[in-house]
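J.: sequence first, predicted model second:
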Amino acid sequence: LVSSKNKSDSGIAAVQLEQHAPPEQASEQVIEPAEAEQAPSAEVTLKIDSEPRACGVYDASGTLLGATPYDYVAPRKKGAIDLVLKHEGFFDRSISLSLENDDQANYALAPKPKGKGSSAERTRATLRQQEEARVAAEAGRVAAEEGRSAAEIERAEAEAVRLARLARLEEEAQAKLDSQTNAKSSSNSKAKSDTKQKVKRAGDGALDPFEE
């Protein structure tokens, strides 16, 4: 009996100790700080390609830098670089690229008109191409100065050319309409003048007024 009582007391004491034991402290979780983002390099690399290939790449002063495909490396900074692509048989293409980020682009040059049509038609085609190139270059320069990517710059150039072509087509359509109106007016004036002359001659007895 004594032995049973001792065991019972020991069990009660063990339960009481468990109830009053301090809770286990949660292990501290160490959170490693995130790796710092890698700082951009001090230089940008602009990969320039073209169609056709082997276009000369010139800076704004006219100095030949290389030929496409060409990697232009420059200090990273805000702003843009203006370059010109040249190839025999094609119109020069002025391009602008942002100096804020690495980028790449492929530029198509417009072929010069060959011996098709009259000399006047070829001259007009050349002037149109030159005007479109000027409009595209200006739009590209603005986009590059805003820090846009090469793809965005190309889209801005294409949209500027589209709007320029639309304006030219509208001008040509209006000019054609004006020409037709003037021709019709001139024809009516001539018909009226002929009628007056016939009436006058008939009054003088020189012509039957109903004679064609």
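T.: Received the coordinates, thanks. Residues are numbered from 1 along each chain as shown.
J.: which parts of this structure are strands?
T.: For the chain, strands defined by DSSP state E occupy the ranges 43-51, 56-59, 64-67, 70-75, 80-86, 93-98, 103-108.
J.: which strands or helices does the fourth one pack on?
T.: Using 3 or more Cβ pairs under 8 Å, 6 or more residues apart in numbering; DSSP states H and E as the contact definition, the elements that strand 70-75 packs against are strand 43-51, strand 80-86. In this view, the C-beta of every residue, glycine as well, is placed from N, C-alpha and C.
J.: which residues touch residue 56?
T.: Counting by Cβ atoms under 8 Å, 6 or more residues apart in numbering, residue 56 touches 64, 66, 67, 85, 86, 87.
J.: for ChimeraX, write the selection for the buried entries among those residues.
T.: Buried members of the contacts of residue 56, defined by 16 or more other Cβ atoms under 10 Å, are picked up in ChimeraX with:
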select :67,85,86,87
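J.: pipe the contacts of residue 56 into TSV and attach pLDDT and distance to residue 40 per row.
T.: Listed next are those as TSV, based on pLDDT from 0 to 100; distance: Cβ to Cβ, whole Å:
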residue	pLDDT	distance to residue 40
64	93	29
66	93	24
67	92	28
85	95	27
86	93	32
87	92	33
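J.: picking up where we left off before, of all the strands of the chain, which one is nearest residue 148?
T.: Minimum separation from residue 148 across those (Cβ to Cβ) falls at strand 93-98, 6.3 Å.
J.: which outside residues touch the closest one?
T.: 46, 48, 50, 72, 79-85, 103, 105, 107, 109-110, 133, 136-137, 140-141, 143-150, 153.
J.: buried ones among those residues?
T.: Buried members of these, scored by 16+ other Cβ under 10 Å, are 46, 48, 50, 72, 80-81, 83-85, 103, 105, 107, 109-110, 133, 136-137, 140-141, 143-144, 148-150, 153.
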